[in-house]
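>>> My questions concern the predicted model and sequence given below.
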Amino acid sequence: MFTQSMRMEDTLKVGVCKELAKGEARVALTPEGVEKLISLGLSVKIETGAGLLSSYSDDDYSAAGAVIDKKRQSVLADCDLLLAVQAPDADTIKQLKSGTLLVSFIWPLQNREYVDLLMKQQVSALAMDTIPRISRAQSMDALSSMSNIAGYKAALLGAGNLDKYLPMMMTAAGTIPPAKVLVLGAGVAGLQAIATAKRLGAVVEAFDVRPVVKEQVESLGAKFVEVPIEEDNTESKGGYAKELSDRNKEKQREVIHEHVKKSDIVITTALIPGRPAPLLITKAMVEDMKAGSVIVDIAAEQGGNCEVTKPGETYHHHGVVVMGPLNIPSTLAFHASKLYSKNILSLLSLLVKDGMANLDFDDEIIANATVTHHGELISPFVKENLK
């Protein structure tokens, strides 16, 4: 077994700073998380105001046992382990000591230059987005935690921008039929969007290229839209949908077009790791929808599933409201931070033993999560896909 032990002076010093990315309100560690790390014998230093946008005050952290420091540079210079949500910027990385551990979202397949910087600065970086989706790692799966939030909020965004009721309404003035919601992609985000739209009273349909999710969709009370395709294997090893052949994409679009134009709200959630989001809704489909209909494209950060999506914008296209929201989990920062912090703590419980960080590369979780270590690329997942 190959284990790289990293013993730090005295206790392992954990640092948490304010997130600098625009629109990011989450924090990597909650006061509950501070208590847990201190119980494991670690010390924690928090930059002043790091949790304010997530409704966690400096007093909350101080009461949990953390040291509050007004100087970001001091937190970065002192820490052996930096916890973050978004990948820290280049200036932050350059302020870390050689050998510092970093745990955050990194998205290495989309950020090769950033990976090169981590190797150059000798930062041992573990990416929350490359943790394998296996049963043993479920408690560490931050992608699922954040996708769950995104799916829930997407349904609310659709309802909030639709000029109709979602449930059926029986009034003295007449009966209003329920709104029709179509969810494209039945992964974690899609299933939560289905469940939320159903709770709000809508009639829900869902499509996914993976027939295996049909039972899950129907268990939530939605109708599964089936498209006959010729490919047997439509799911990747990580549980994501695979990209289809051009011929099957065309079949898929024909069926989706018929359902899109009948829908009041369309929520798109389809993503392929390391690739632009697949195009599911063409401009022609949007222009065939009823005026007042809403598209919520939560794949906007990867370019979007809709041809006319403008990432970060909400606008009208031929009378249809097209939404391309970014960083949806940040809009529910309190609970998003709580879940993300628990994901990190689960990873650290595997990583930290007796005051040391043990990078056991024979462990599938640690091996795939560790993007860089001692100036080298480690993760088999990253190596394979960067080729």
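Noted; the coordinates are in hand. Just so it is clear, the structure is predicted and the values come from calculations on it, not from any experiment.
>>> residue ranges with poor pLDDT in this structure?
The chain contains residues with pLDDT under 70 at 1-10, 229-245, 387.
>>> all helices of it, in order?
With helices called from DSSP state H, the chain shows them at 31-39, 58-64, 72-78, 90-94, 112-120, 142-161, 188-199, 214-219, 246-260, 283-287, 333-351, 364-369, 380-386.
>>> Same list (the ones you listed) but as JSON lines, adding distance to Glu301.
The C-beta positions use only the backbone N, C-alpha and C, and glycine is treated the same way. Shown next, in JSON lines, are the helices of the chain (distance: least, CB to CB, whole Å):
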{"stretch": "helix 31-39", "distance to Glu301": "26"}
{"stretch": "helix 58-64", "distance to Glu301": "30"}
{"stretch": "helix 72-78", "distance to Glu301": "26"}
{"stretch": "helix 90-94", "distance to Glu301": "20"}
{"stretch": "helix 112-120", "distance to Glu301": "16"}
{"stretch": "helix 142-161", "distance to Glu301": "10"}
{"stretch": "helix 188-199", "distance to Glu301": "12"}
{"stretch": "helix 214-219", "distance to Glu301": "24"}
{"stretch": "helix 246-260", "distance to Glu301": "21"}
{"stretch": "helix 283-287", "distance to Glu301": "20"}
{"stretch": "helix 333-351", "distance to Glu301": "15"}
{"stretch": "helix 364-369", "distance to Glu301": "21"}
{"stretch": "helix 380-386", "distance to Glu301": "18"}
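>>> Same list, those, but as JSON lines with distance to Glu47 and mean neighbour count please.
Below are these laid out as JSON lines (distance: least, CB to CB, whole Å; neighbours: other CB atoms under 10 Å):
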{"stretch": "helix 31-39", "distance to Glu47": "13", "mean neighbour count": "19"}
{"stretch": "helix 58-64", "distance to Glu47": "9", "mean neighbour count": "17"}
{"stretch": "helix 72-78", "distance to Glu47": "5", "mean neighbour count": "17"}
{"stretch": "helix 90-94", "distance to Glu47": "11", "mean neighbour count": "14"}
{"stretch": "helix 112-120", "distance to Glu47": "21", "mean neighbour count": "16"}
{"stretch": "helix 142-161", "distance to Glu47": "21", "mean neighbour count": "23"}
{"stretch": "helix 188-199", "distance to Glu47": "31", "mean neighbour count": "24"}
{"stretch": "helix 214-219", "distance to Glu47": "41", "mean neighbour count": "15"}
{"stretch": "helix 246-260", "distance to Glu47": "46", "mean neighbour count": "15"}
{"stretch": "helix 283-287", "distance to Glu47": "44", "mean neighbour count": "16"}
{"stretch": "helix 333-351", "distance to Glu47": "15", "mean neighbour count": "21"}
{"stretch": "helix 364-369", "distance to Glu47": "24", "mean neighbour count": "21"}
{"stretch": "helix 380-386", "distance to Glu47": "29", "mean neighbour count": "15"}
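>>> Ala25 is nearest to which of those?
Closest to Ala25 of the helices of the chain is helix 333-351 (CB to CB; 3.8 Å).
>>> Can you list the neighbours in contact with the closest one?
Under the contact criterion CB atoms under 8 Å, 6 or more residues apart in numbering, helix 333-351 has outside partners 25-30, 32-33, 36-37, 40, 51, 53-56, 83, 85, 103, 126, 128, 131, 139-142, 145-146, 148-149, 329-330, 357-359, 363, 365-366, 369.
>>> again, 7 Å this time
25-30, 33, 36, 53-55, 83, 85, 103, 128, 139-142, 145-146, 149, 329-330, 357-358, 365-366 (CB atoms under 7 Å, 6 or more residues apart in numbering).
>>> Quick one, which of the residues you listed are buried?
25-30, 33, 36, 53-54, 83, 85, 103, 128, 140-142, 145-146, 149, 329-330, 357-358, 365-366 (16 or more other CB atoms under 10 Å).
>>> Show the contacting residues for the nearest residue to Val115 once chain neighbours are set aside.
Distance criterion CB to CB, 6 or more residues apart in numbering; nearest residue to Val115, sequence neighbours excluded, is Pro108 at 4.9 Å. Contact partners of Pro108, counting by CB under 7 Å, 6+ apart, are Val115, Ala127, Thr130, Val371, Val382.
>>> Would you check how far apart Pro108 and Ala369 are?
To Ala369, Pro108 is 11 Å away according to CB to CB, to the nearest Å.
>>> Residues in contact with both of those two, list them for me.
Contacts common to Pro108 and Ala369, judged by CB under 7 Å, 6+ apart, are Ala127, Thr130.
>>> neighbours of the residue lying closest to Leu81 once chain neighbours are set aside, just the number please.
Counting by CB to CB, 6+ apart, Leu81 lies nearest to Leu101, which is 4.4 Å off, once chain neighbours are set aside. When counting by other CB atoms under 10 Å, one arrives at 25 neighbours for Leu101.
>>> Surely Leu101 is in contact with Gln122?
No. Contact criterion CB atoms under 7 Å: Leu101 and Gln122 do not qualify, at 11.1 Å.
>>> can you list the domain ranges for this protein.
3-140+331-386, 150-330 (automatic domain parsing).
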